[in-house]
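Peer 1: predicted model and sequence follow; I will ask about them next.
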Amino acid sequence: MNFRFTFIIRQIQTGQVVNSTVNGVSTSLPETIDTVLTGFTFAHASNSKELDNLITREFHANPNLQNNSNVQLLGDYSTGGSPSVQFEWSWKWKPPKATEDKGGGWRNSCSFLDYDQRANRLNTLANFSFWVHNAQRPLSSPQVSSPNLELNVAARNRIPSAQSVMSHSSDIDGSHSQIPPRTPPEIADTAPPPPTAAPPPVKVELPFTRPAEDMSAVEDGPLFRATMKALEQKTGNMRAKIKKVLKKAEAAHQAQVACNDAVEAFISSLNEASTSNANAVQPALEHYFEKIARQILNYEQLNTANLQKLIIEPLNKLYTNDIKQAEAKKKDFEEESREYYAYVGRYLGQRQDSLKEKKRAESDSKYQTKRRNFELKRFDYSSFMQDLHGGRKEQEVLSHLTKYAETQARSYLATAKKVEEMIPQLEALVHEVEQADKEFQFQRTEREEKRRALEKSTKIFVEPETFANPGAPQNPNGTYSSDTELGRADSTGSQPRGVSSNASSVSSHGNAALGSSSAAATGASAAGSVVSPVQNRFKGIRDLEERDASLAGSDRAAGQQKKEGLLWALSRPGSHIDPKGINKQAWHK
């Protein structure tokens, strides 16, 4: 609801008369002064008691009362020399509290006030009250099911009377306006359910909503001492428990700091890795770690800072300044109590008839001073103990815990909202990665199938160079020339094959090879390998070119094979395991 208020400010008449002359005519007019409204304020609450509490106690506790949701500062207004000034102001009403009052609505008590700077208070200018009734809820009648008691009555078709057809038609017309149309069963089953009422607001009741009875009002006696003793016993238990809470909170804070630093280092390492492995790291870094993971890390860092600020520091202050000082305050009170009661004993033991008037006055004054000091000490100690147990200090602990819980929950929801906005990018990344994983899985399967096919294959693979050259001329012995055999200069490919000469001829041929400048190999290559006169692969190479084809043919006819190549030998002939030659490394061509 919207309310519109019209305000009229008029000047104030002092009661004095002022003489003035206008056009030669002397007139007497009453003296007036301007009206000034400083800090014109509007406040409302659910009843007059809460409204008074709002503009008195809460105003003195917090001068910035305009920050309260039930208070609005309208500003400063003045007549400014005019007899009257008029202005308007609109206010949008909202319930003063979440829960309804009895009767299904809200009471409202409103006041317009101005601020008195000298007295530092709010003065009420006008107040009024009204009631706002809540909207009527749909009444849902309970439907009681009664099995086996349903009556199936056939629909009755009204037949027009033979006496009055007009009566029938008039009834039909009236039925259209009074009887609602019947809904078919299939449509009735799919009809939307009736709107349900909103759930009632959650209400939490604190065990101690108001301060307990002040024990300082009780005289020093057995009741007061027993109460203080019980509170002192609670202090030792409280000291151990708060110390444990502090220790665990500090451990949790250190663990969170270490975890946040490790996550920060992890993200930094991913940034470094993306420079050399962009395909493996960059997509995840761009769509998750630099966005969603950063938001989560910011939340964790904020939560760590709030744990230190809202839990550890206030509890440490309470433990150091209050709980640990309880023992010292107890000793001070007991010492003051002993001194006071010792003096009271001496004071009461004096004989009043034997004292002079001056000494009696001094003794009474000293007694009053001692009593006042003792009562002050007793008041301070009892107030301190009551604040520590079930009083202001416990309320401060609950307040700090509640602030931490609210900050953590709201920060969590804010982070979740930001993450939810970035979820589509993450889902797109997940979809693309899944598709890529399938492609690589298919590739791996194909490779495994190819490898199994190669393992099961029985085909012999022969190098193309080993096949005969159909265009090469045949020698008289029926063999063909292959220029590839001369290209194999390794020791394994130069073993003799099909040699018919005796051992002496082979030995003499090997000895001649050691001393020969042509450096013939000691083992011949495969039989039938002859340099083709048509194609000579080693033409132009001094040591490998076949120079005399007729000589090569005669050697093959004698059962021997000749091959040109390189021979490595020791500088001094000796045994093949001669350590001297090996150590000297004196090899030569």
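Peer 2: Arrived safely, thanks for sending. Residues are numbered from 1 along each chain as shown.
Peer 1: Provide the secondary structure category for Phe130.
Peer 2: Phe130 falls in the strand class when you classify it by DSSP: H, G, I helix; E, B strand; the rest coil.
Peer 1: next, the residue nearest to it when sequence neighbours are not counted: phi, psi?
Peer 2: The shortest distance from Phe130 to any non-neighbouring residue, by Cβ to Cβ, 6 or more residues apart in numbering, is to Asn108 (5.3 Å). Bear in mind the C-beta positions are built from the backbone N, C-alpha and C, glycine included. Backbone torsions of Asn108, given as degrees, to the nearest 10, read phi -140, psi 130.
Peer 1: how much space between Asn108 and Pro201?
Peer 2: Counting by Cβ to Cβ, to the nearest Å, the gap from Asn108 to Pro201 is 18 Å.
Peer 1: so those two - more neighbours on which side?
Peer 2: Asn108 (18 against 9; other Cβ atoms under 10 Å).
Peer 1: could you list the low-pLDDT ranges of the stretch 151-300 of the chain?
Peer 2: 151-198, 207-217 (pLDDT under 70).
Peer 1: ignore the last one, the chain
Peer 2: Low-confidence segments of the chain (pLDDT under 70): 15, 17-30, 136-198, 207-217, 351-355, 459-563, 567-589.
Peer 1: quickly list the domain ranges of it.
Peer 2: By the record's domain assignment, the chain is partitioned as 2-18+29-133, 217-324+392-457, 326-389, 480-589 (automatic domain parsing).
Peer 1: which residues of the chain fall in strands?
Peer 2: 2-10, 12-22, 25-33, 36-45, 71-78, 84-92, 105-116, 121-133, 569-570, 587-588 (DSSP state E).
Peer 1: out of those strands, flag the one nearest Glu313.
Peer 2: Proximity to Glu313, assessed across those by Cβ to Cβ, is greatest for strand 71-78 (31.3 Å).
Peer 1: so what's the residue count around the closest residue to Arg10 other than its chain neighbours?
Peer 2: Nearest residue to Arg10, sequence neighbours excluded (Cβ to Cβ, 6+ apart): Ser84, at 4.4 Å. As a burial measure, Ser84 scores 10 neighbours (other Cβ under 10 Å).
Peer 1: now do Lys393
Peer 2: By the measure other Cβ under 10 Å, the count of residues near Lys393 is 19.
Peer 1: count of neighbours near the residue lying closest to it once chain neighbours are set aside?
Peer 2: Leaving aside its chain neighbours, Lys393 sits nearest to Asp387 (4.9 Å; criterion: Cβ to Cβ, 6+ apart). Number of residues near Asp387 (other Cβ under 10 Å) recorded here: 16.
Peer 1: let me see the contact set for the residue nearest to Phe130.
Peer 2: Contact analysis of Asn108 by Cβ atoms under 8 Å, 6 or more residues apart in numbering lists 44-46, 93, 96, 129-132.
Peer 1: reformat those as a markdown table; add neighbour count and distance to Glu394.
Peer 2: Below are those laid out as a markdown table (neighbours: other Cβ atoms under 10 Å; distance: Cβ to Cβ, whole Å):
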| residue | neighbour count | distance to Glu394 |
| --- | --- | --- |
| His44 | 22 | 32 |
| Ala45 | 21 | 28 |
| Ser46 | 17 | 28 |
| Trp93 | 14 | 38 |
| Pro96 | 20 | 29 |
| Ser129 | 13 | 37 |
| Phe130 | 12 | 39 |
| Trp131 | 10 | 38 |
| Val132 | 15 | 38 |
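Peer 1: going by distance to Glu339, which of those wins?
Peer 2: Taking Cβ to Cβ as the measure, Glu339 sits nearest to Ala45 out of those, at 50.6 Å.
Peer 1: so how far is Phe266 from that closest one?
Peer 2: Ala45 is 53 Å from Phe266, by Cβ to Cβ.
Peer 1: now swap in Leu54 and tell me
Peer 2: From Leu54 to Phe266 the distance is 52 Å (Cβ to Cβ).
Peer 1: more neighbours: which of those two?
Peer 2: Taking other Cβ under 10 Å, Leu54 and Phe266 do not tie; Leu54 has more neighbours (20 against 12).
Peer 1: looking at it, the more buried one is touching Gln66, isn't it?
Peer 2: No: using Cβ atoms under 8 Å, Leu54 is not in contact with Gln66; the gap is 11.8 Å.
Peer 1: just to revisit the earlier point, gap between the residue nearest to Lys393 and Gly39?
Peer 2: Noted for Asp387: a distance of 34 Å to Gly39, by Cβ to Cβ.
Peer 1: same question for Glu50.
Peer 2: In terms of Cβ to Cβ, Glu50 sits 21 Å off from Gly39.
Peer 1: cool, and Ala61?
Peer 2: Distance from Ala61 to Gly39, by Cβ to Cβ: 17 Å.
Peer 1: Glu439 too?
Peer 2: In terms of Cβ to Cβ, Glu439 sits 73 Å off from Gly39.
Peer 1: save the domains of the chain as a markdown table, and put in distance to Glu205 too.
Peer 2: Shown next, in a markdown table, are those (distance: least, Cβ to Cβ, whole Å):
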| stretch | distance to Glu205 |
| --- | --- |
| domain 2-18+29-133 | 12 |
| domain 217-324+392-457 | 13 |
| domain 326-389 | 20 |
| domain 480-589 | 98 |
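Peer 1: Leu206: which of these is closest?
Peer 2: Among these, domain 217-324+392-457 comes nearest to Leu206, with 8.0 Å by Cβ to Cβ.
Peer 1: between Ala61 and Gly39, which one's more packed in?
Peer 2: Using other Cβ under 10 Å as the criterion, Ala61 and Gly39 rank with Gly39 on top: 17 against 8.
Peer 1: now do the contacts for the more buried one.
Peer 2: Gly39 makes contact with 73, 76, 114-115, 122, according to Cβ under 8 Å, 6+ apart.
Peer 1: drop anything exposed from those residues.
Peer 2: 114-115, 122 (16 or more other Cβ atoms under 10 Å).
Peer 1: measure how buried the nearest residue to Arg4 once chain neighbours are set aside is and give me the count.
Peer 2: Sequence neighbours aside, Ser90 is the residue nearest to Arg4 in space, at 5.1 Å (criterion: Cβ to Cβ, 6+ apart). Counted with other Cβ under 10 Å, residues neighbouring Ser90 total 8.
Peer 1: contacts only, for Ser90.
Peer 2: Counting by Cβ under 8 Å, 6+ apart, Ser90 touches 2-5.
Peer 1: Gly75 too?
Peer 2: So Gly75 contacts Phe40 (Cβ under 8 Å, 6+ apart).
Peer 1: the spatially closest residue to Glu88 that is not a sequence neighbour and Ala278, how far apart?
Peer 2: Nearest residue to Glu88, sequence neighbours excluded (Cβ to Cβ, 6+ apart): Thr6, at 5.2 Å. Going from Thr6 to Ala278 by Cβ to Cβ gives 71 Å.
Peer 1: quick one on the thing from earlier: how about the buried ones among the contacts of Gly39 in JSON lines, adding distance to Thr402?
Peer 2: Shown next, in JSON lines, are those (distance: Cβ to Cβ, whole Å):
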{"residue": "Asp114", "distance to Thr402": "35"}
{"residue": "Tyr115", "distance to Thr402": "32"}
{"residue": "Leu122", "distance to Thr402": "29"}
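Peer 1: one step back: and the furthest pair within the contacts of Gly39?
Peer 2: Asp76 and Leu122 (14.2 Å).
Peer 1: what's next to stretch 284-301, contact-wise?
Peer 2: Outside stretch 284-301, the residues within contact range by Cβ under 8 Å, 6+ apart are 256, 259-260, 263-264, 267, 270-271, 274, 411-412, 415, 418-419, 422, 425-426, 428-429.
Peer 1: select only the buried ones of these in PyMOL?
Peer 2: Buried residues among these (16+ other Cβ under 10 Å), as a PyMOL selection:
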select buried, resi 256+260+263+270+274+411+415+418+419
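Peer 1: among the contacts of stretch 284-301, which ones are in helices?
Peer 2: Among the contacts of stretch 284-301, the members found in helices (DSSP state H) are 256, 259-260, 263-264, 267, 270-271, 274, 411-412, 415, 418-419, 422, 425-426, 428-429.
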